[in-house]
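Trainee: just the structure for this:
(2 chains)
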Protein chains: 2
Amino acid sequence: MALPSDHKATIIDGKAIAQTIRSEIASEVRLLSEKYGKVPGLAVVIVGNRKDSQSYVNMKRKSCAELGIQSFDIDLPEDVAEDELISKVHELNANPDVHGQSLAIVGSILVQLPLPKHINEERVLGEISLEKDVDGFHPLNIGKLAMKGRQPLFLPCTPKGCIELLHRSGISIKGKNAVVVGRSNIVGLPVSLLLLKENATVTIVHSRTEEPEKIVREADIIIAAAGQAMMIKGSWIKPGAAVIDVGTNAVDDPTRKSGYRLVGDVDFQEACNVAGWITPVPGGVGPMTVAMLLKNTLDGAKRVIEK
Amino acid sequence: MALPSDHKATIIDGKAIAQTIRSEIASEVRLLSEKYGKVPGLAVVIVGNRKDSQSYVNMKRKSCAELGIQSFDIDLPEDVAEDELISKVHELNANPDVHGQSLAIVGSILVQLPLPKHINEERVLGEISLEKDVDGFHPLNIGKLAMKGRQPLFLPCTPKGCIELLHRSGISIKGKNAVVVGRSNIVGLPVSLLLLKENATVTIVHSRTEEPEKIVREADIIIAAAGQAMMIKGSWIKPGAAVIDVGTNAVDDPTRKSGYRLVGDVDFQEACNVAGWITPVPGGVGPMTVAMLLKNTLDGAKRVIEK
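Mentor: Got it, this is the predicted structure:
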């Protein structure tokens, strides 16, 4: 496919799409509230004082409030014992209905990662009830995501956000060559499995791949989730391909007050001249991850309320 | 890579490799018996009188006997109630140790598929204790197989057999382009996940893939598991590639007394002129599946005995 010399990729505006989804969720929350007198609740557990974790958690809590979802703050000290944290998780598991005086259904539990080093993350996450595992990282959820004919209770938020961006941009997936760069448990692997369920032909490229550029160049859809700043160059991209950039990498930038700026795994400027569609960083996948968390929270509560 | 005109692929002799593995297992069984006075046991459950199922089950039972593994025959009538079958599974789950007067550890349970139509297979398989799910098809096992840093208790037998054939033939996997044709829950999907864990660059090709031959032609390793007789032609194969043919398809053959013969998913004659290595059908992957079942049975019993 030859592109005109002044070709520019269509920018996929993740912020705007996420905003649309948030409005849809807010309407559904309103309907639930009118019909059942209940609203979805999300328990957000944070341990310690990491600035980045606190800023993520605040954003999630603020988003809940905007949509009429009730968030419950569980802030535990840095030195909390693992067993105490797990007791808290069990308490939240066992609390399907009203929390205190509120009318919220605590249908979902989010434990903000990373946890302090003295705590076994895998153990803690494994204690979250499957029905409330809003991040969808439980191995049983991942197994059902992998298997044909099975459906997990929750899809992991970032992978689900990537697929939603493709759907809402009118990019067809079925039969297309999709290349996922990166194979992490939270993005690369589950997004590969989702693309397979959407009937794409899926290739997973990773740090051990020989000649990744040659493989990426065959892709109609590229999901970049390697965590390597601007690793994917314009020359790696097939003309007209759809590029979803999951990377969020801080690079030095003395022109900024903060001294850094965020860039994706894709060289955005170069890619714009070749790709058919591309997500910016920031403002692409990031807002979708939060929107999908809110959607999962809604769905978790609906399963409790409507059953 | 140019091949000499008289090139012939190295035939991977699955029968011989399986025999080596069976000898290794027999030695380990003997050691266990000497050290602990116990042998591994496999409960084989069959429902009804399907000829093919009976012949598979008989082969598995005979193989157990040859290796010193005790198999327990649970033969249930075609019209057995689902709940009765599940009670039987629960009984086997709860029976970690001596079975009757024997000294066998019933570490593994195999329910021969397919089950009669009135029985919900998914429900029955889901009732097998994870520790005894020798086929490794439980979604939690598949999830752990998919996830980095997690390990399932049992690897599904056929996928494990494919990887073992590559290893024992000295074919390196790391960094190689592996293309899996087919995405079934029992072969294509799990073998893709295993190849990824072995650091191959993995592409999954399936019925919705456009131009599969173009993708297969890039493969250093081909796993053919589509269930389509001789679908993969010589022209689809990169010179020197390793071809593992999981297919077992019956095709009409009036020259045979039976009226049919078994062929793989690969056109063997054509492929021999191009591939570096190839498995025959029969005598390739088939014997490995049984060998891996026996290995899983041994490993399941060892986990009980040695803990």
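Trainee: in the stretch 1-150 of chain A, which spans are helices?
Mentor: In the stretch 1-150 of chain A, the helices defined using DSSP state H, counting those that start in this stretch lie at A:14-36, A:51-67, A:82-93, A:121-127, A:139-146.
Trainee: go through the ones you listed and name the closest to B:Lys307.
Mentor: helix A:121-127 (19.4 Å; Cβ to Cβ). (C-beta placed from N, C-alpha, C; glycine too.)
Trainee: tell me what that closest one is packed against?
Mentor: If contacts are counted by 3 or more Cβ pairs under 8 Å, 6 or more residues apart in numbering or on different chains; DSSP states H and E, helix A:121-127 sits against helix A:82-93.
Trainee: got a list of contacts for the helix it packs on?
Mentor: Applying Cβ atoms under 8 Å, 6 or more residues apart in numbering or on different chains, the set of residues contacting helix A:82-93 from outside is A:43, A:45, A:47, A:74, A:76, A:106, A:109, A:111, A:115, A:118-120, A:123-124, A:127-129, A:132.
Trainee: just the buried members of those residues?
Mentor: Using 16 or more other Cβ atoms under 10 Å in any protein chain shown as the burial test, those include A:43, A:45, A:47, A:74, A:76, A:106, A:109, A:111, A:115, A:119, A:124, A:127-129, A:132 as buried.
Trainee: returning to that earlier point: deepest of the helices of the stretch 1-150 of chain A, which one?
Mentor: Highest mean neighbour count of these: helix A:139-146, a mean of 24 (counted as mean count of other Cβ atoms under 10 Å in any protein chain shown).
Trainee: please see if that one touches chain B.
Mentor: Yes: legend: contact between helix A:139-146 and chain B by Cβ under 8 Å from any Cβ of the partner chain is shown at A:139-146.
Trainee: report the mean confidence score over that helix.
Mentor: The predicted model gives helix A:139-146 an average pLDDT of 95.
Trainee: now the element after that helix, going C-ward?
Mentor: Remark: after helix A:139-146, the chain's next helix or strand is helix A:157-168, criterion DSSP states H and E.
Trainee: and that next one, what's buried?
Mentor: Result for helix A:157-168 [16+ other Cβ under 10 Å]: buried residues A:157-166, A:168.
Trainee: and it, what does it pack against?
Mentor: Applying 3+ Cβ pairs under 8 Å, 6+ apart, we find helix A:157-168 packed against helix A:14-36, helix A:188-197, strand A:242-245, helix A:285-306.
Trainee: those: which one's closest to chain B?
Mentor: For chain B, the closest of the helices and strands packed on helix A:157-168 is helix A:188-197, at 6.0 Å, according to Cβ to the nearest Cβ.
Trainee: chain center to that closest one: distance?
Mentor: Counting by Cα atoms, centre = their mean, to the nearest Å, helix A:188-197 is centred 13 Å from the centre of its parent chain.
Trainee: so which bits of that helix are buried?
Mentor: A:188-197.
Trainee: would CSV of the helices of the stretch 1-150 of chain A with distance to A:Glu306 be doable?
Mentor: Listed next are these as CSV, based on distance: least, Cβ to Cβ, whole Å:
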stretch, distance to A:Glu306
helix A:14-36, 8
helix A:51-67, 18
helix A:82-93, 20
helix A:121-127, 26
helix A:139-146, 20
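Trainee: re earlier: now, among the buried residues of helix A:157-168, which is nearest to chain B?
Mentor: When the buried residues of helix A:157-168 are compared against chain B (criterion: Cβ to the nearest Cβ), the nearest one is A:Pro159, at 12.6 Å.
Trainee: surely the closest one and A:Pro190 touch.
Mentor: Yes: between A:Pro159 and A:Pro190 a contact is recorded at 4.3 Å, counting by Cβ atoms under 8 Å.
Trainee: overlap in contacts of these two?
Mentor: Common neighbours of A:Pro159 and A:Pro190 (Cβ under 8 Å, 6+ apart) do not exist.
Trainee: so where's the stretch 1-150 of chain A shaky on pLDDT?
Mentor: A:1, A:96-102 (pLDDT under 70).
Trainee: got the residues of it near chain B?
Mentor: A:138-150.
Trainee: just how off-centre is stretch A:122-131 within its chain?
Mentor: Worked out by Cα atoms, centre = their mean, stretch A:122-131 lies 18 Å from the chain centre.
Trainee: got the end-to-end distance for that stretch?
Mentor: From its first residue to its last, stretch A:122-131 covers 17 Å (Cα to Cα, to the nearest Å).
Trainee: what separation is there between the closest residue to A:Pro77 other than its chain neighbours and chain B?
Mentor: If the residues on either side of it in the chain are set aside, A:Pro77 comes closest to A:Gly48, at 7.0 Å by Cβ to Cβ, 6 or more residues apart in numbering or on different chains. Distance of A:Gly48 to chain B, given as Cβ to the nearest Cβ, to the nearest Å: 23 Å.
Trainee: A:Gly48 reaches A:Lys117, doesn't it?
Mentor: No: contact criterion Cβ under 8 Å: A:Gly48 and A:Lys117 do not qualify, at 10.4 Å.
Trainee: comparing the two, which residue is more hemmed in?
Mentor: A:Gly48 (17 against 7; other Cβ atoms under 10 Å in any protein chain shown).
Trainee: in strands only, show me the buried ones among the contacts of helix A:82-93.
Mentor: Counting by DSSP state E, the buried ones among the contacts of helix A:82-93 place A:43, A:45, A:47, A:74, A:76, A:106, A:109, A:111 in strands.
Trainee: check those residues and tell me the two furthest apart.
Mentor: Longest span within these, Cβ to Cβ: A:Val47 and A:Val106, 18.5 Å.
Trainee: ok so, going back, same list, the buried residues of helix A:157-168, but as JSON lines with pLDDT please.
Mentor: Below are these laid out as JSON lines (pLDDT from 0 to 100):
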{"residue": "A:Cys157", "pLDDT": "97"}
{"residue": "A:Thr158", "pLDDT": "97"}
{"residue": "A:Pro159", "pLDDT": "98"}
{"residue": "A:Lys160", "pLDDT": "98"}
{"residue": "A:Gly161", "pLDDT": "98"}
{"residue": "A:Cys162", "pLDDT": "98"}
{"residue": "A:Ile163", "pLDDT": "98"}
{"residue": "A:Glu164", "pLDDT": "98"}
{"residue": "A:Leu165", "pLDDT": "98"}
{"residue": "A:Leu166", "pLDDT": "98"}
{"residue": "A:Arg168", "pLDDT": "98"}
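Trainee: ok, for the residue nearest the centre of chain A, nearest residue in space, not its chain neighbours?
Mentor: Among the residues of chain A, the one closest to the centroid is A:Thr158, at 1.8 Å (Cα atoms, centre = their mean). Leaving aside its chain neighbours, A:Thr158 sits nearest to A:Thr289 (4.7 Å; criterion: Cβ to Cβ, 6+ apart).
Trainee: just give me the neighbour total for the one you found.
Mentor: Other residues near A:Thr289 come to 21 when the count uses other Cβ under 10 Å.
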